[in-house]
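J.: Sequence plus the predicted model coming up.
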Amino acid sequence: MAGLVLTLGLASPAAAADPAPTNVKVAWSSTAHTHVRVTWNEVGSLPNRVFPQYPSGLGTETASTAAAPNQVDLPVGLFSSQPSVRIAVYAGTAAGGSTSPAGLSVPFDTLATNAPVVDQVIAGADNHFAMTWHAGPAKTDPNAGDPLDLPTAPHTFQVYASLATVTIWDVVVPWTTATTVTFRTTDKPPITVNVYERNEWMVTSPGTSLAFDTERFGAVTVPASTTYGQPTVISGVIERLSRFCDPGPCWADRVGEAPRPVVLQARANAASPWYAVGTVQSGTDGRFRFAPVAYGTRDYRIAVPDKLGADSFGLGVIGPAYTTLTRPKVLASFADPTVTLGQPARARISVSPAANVRTTLQRWDGTAWRDLKWVDLTSGWGDYTFVATQRGSHAYRFLVPSFTYGGRPLAWQVSPTFVLTAS
């Protein structure tokens, strides 16, 4: 008869039909779990065709001759990752198919694990990194207790790191059950690091990829001096660099910067330790701004800490030290800026902070400032009275030397010029 019976997408001649293979079983061929052994029974000695059967259809064929035993070993790389798989075994051969229906095994799954989740990355010196992760969430077993299920075993991981300028990857951590490792990359970031987990069905599961990016400072403005009690405005921009690749070469290029902490640090002098003044979040354009109140001369620097994100690790950066002098706020004037010749004139001065310090009253002689009198301040206030002996207008000022207040140094300062007119 010329009629055809369709079986799982394969045609088998009905007139010459052989019985379907029976007792189709699956098991691991060895404790290495690299091959699935398929065995079956059949009537007579016939050639066989063996397929993984998925919900969407048949997988890759493996053929067995009539003289061969009713057994084949299928490499795990032959299987697709699926929640339900059966092995279909056909007997006999015919044009375009087999002469028997399929004998089917029990269902089993070939699912890979979920990708690992990276918890922490700590950067060290000379391209060294410490990384901690945990296994991804377990998948629900859709065929619990199938013949290929394995006892729960430690998860196995491997870490790769790219080179910076070419599409080449190094194994930096061989297969291990550890979840905290230290490794060294060949190149400095920006690079990419991948953490993979494998199980019996795949050499690697979908891995977690982290872009190890770097930061650098664009323009940074730190004032050379500021006034006591006033804001010290420090501003700048951070720029993030990531790795990009064509089919062969790779390069570093600037990418957008998600808001991240930027820390302003200070110290009293080069012999003192750094301490944090404050932390701000950078803008989406990488810009940041600080405005600490000035209470003394300090060194400043800006630090961007390392930051782990969902798909990237931003390697931080520490900027150079800048010295910002703090000068006292000085006000000075004459009690009466206009006097008659021979009358007393009182020059007065106030300084913030309210220090006890000796200042110098100076007069402009047309060529240079000349010292006239020491004037001692008490709690930031002082004055000096003298008799006007020359007609005309003359400029004066106070010179305040460097001093320490509350343990903080302040740089020297001069008052604004003030004028006495005698007639």
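T.: Great, that's in hand.
J.: residues in contact with residue 277?
T.: 264, 265, 266, 290, 292, 300 (Cβ atoms under 8 Å, 6 or more residues apart in numbering). To be clear about C-beta, it is placed using only N, CA and C from the backbone, and glycine gets the same treatment.
J.: CSV for those, including distance to residue 336, neighbour count and secondary structure?
T.: Formatted as CSV, those follow (distance: Cβ to Cβ, whole Å; neighbours: other Cβ atoms under 10 Å; DSSP: H, G, I helix; E, B strand; the rest coil):
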residue, distance to residue 336, neighbour count, secondary structure
264, 46, 22, strand
265, 49, 19, strand
266, 44, 19, strand
290, 43, 20, strand
292, 40, 17, coil
300, 43, 23, strand
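J.: Just the closest of those to residue 310, please.
T.: residue 264 (27.3 Å; Cβ to Cβ).
J.: Read off the pLDDT value for the closest one.
T.: For residue 264, the pLDDT comes out at 98.
J.: And for residue 7?
T.: On the pLDDT scale, residue 7 gets 38.
J.: ditto for the one 5 residues further on
T.: The pLDDT attached to residue 12 in the predicted structure is 39.
J.: now swap in residue 70 and tell me
T.: So residue 70 comes in at 96 (pLDDT).
J.: Apart from its neighbours in sequence, what residue is nearest it?
T.: Spatial nearest neighbour of residue 70, chain neighbours left out: residue 40 (5.0 Å); criterion: Cβ to Cβ, 6 or more residues apart in numbering.
J.: Residue 338 too?
T.: With Cβ to Cβ, 6+ apart, the residue lying closest to residue 338 is residue 421, at 4.9 Å.
J.: Kindly report the same for residue 98.
T.: Spatial nearest neighbour of residue 98, excluding adjacent residues (Cβ to Cβ, 6+ apart): residue 90 at 3.6 Å.
J.: With residue 259 as the reference, measure out to that neighbour.
T.: From residue 90 across to residue 259, the span is 61 Å (Cβ to Cβ, to the nearest Å).
J.: Helix or strand next in line after the helix or strand hosting residue 196, which one?
T.: Under the criterion of DSSP states H and E, residue 196 resides in strand 191-198. Next helix or strand after strand 191-198 toward the C-terminus (DSSP H and E): strand 208-221.
J.: That following strand pairs with which strands?
T.: Strand 208-221 sits in its sheet next to strand 191-198 (antiparallel), strand 234-245 (antiparallel), strand 312-315 (parallel), going by DSSP bridges.
J.: List the buried residues in that strand.
T.: 208, 209, 210, 211, 212, 213, 214, 215, 217, 220 (16 or more other Cβ atoms under 10 Å).
J.: Look up how far residue 283 lies from the last one.
T.: Using Cβ to Cβ, one gets 15 Å for the distance from residue 220 to residue 283.
J.: again with the third one
T.: Taking Cβ to Cβ as the criterion, residue 210 is separated from residue 283 by 24 Å.
J.: and if you look at the fifth one?
T.: Summarising the geometry, the distance separating residue 212 from residue 283, computed by Cβ to Cβ, is 23 Å.
J.: element containing the spatially closest residue to residue 347 that is not a sequence neighbour?
T.: With sequence-adjacent residues excluded and distances taken as Cβ to Cβ, 6+ apart, residue 347 is closest to residue 384, at 5.2 Å. Element membership for residue 384, per DSSP H and E: strand 381-387.
J.: What is that strand packed up against?
T.: Counting contacts by 3 or more Cβ pairs under 8 Å, 6 or more residues apart in numbering; DSSP states H and E, strand 381-387 is packed against strand 344-352, strand 369-376.
J.: Could I get the CA-only coordinates of the last one as CSV?
T.: What that stands for is strand 369-376. Extracted in CSV, the C-alpha atoms of strand 369-376 (Å, rounded to 0.1, in the frame of the first residue of the first chain):
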residue,chain,number,x,y,z
TRP,A,369,53.4,100.6,52.0
ARG,A,370,55.2,101.8,55.2
ASP,A,371,54.7,100.3,58.6
LEU,A,372,53.4,102.8,61.1
LYS,A,373,52.3,100.9,64.3
TRP,A,374,51.6,97.5,65.7
VAL,A,375,48.0,97.2,66.8
ASP,A,376,47.1,94.3,69.0
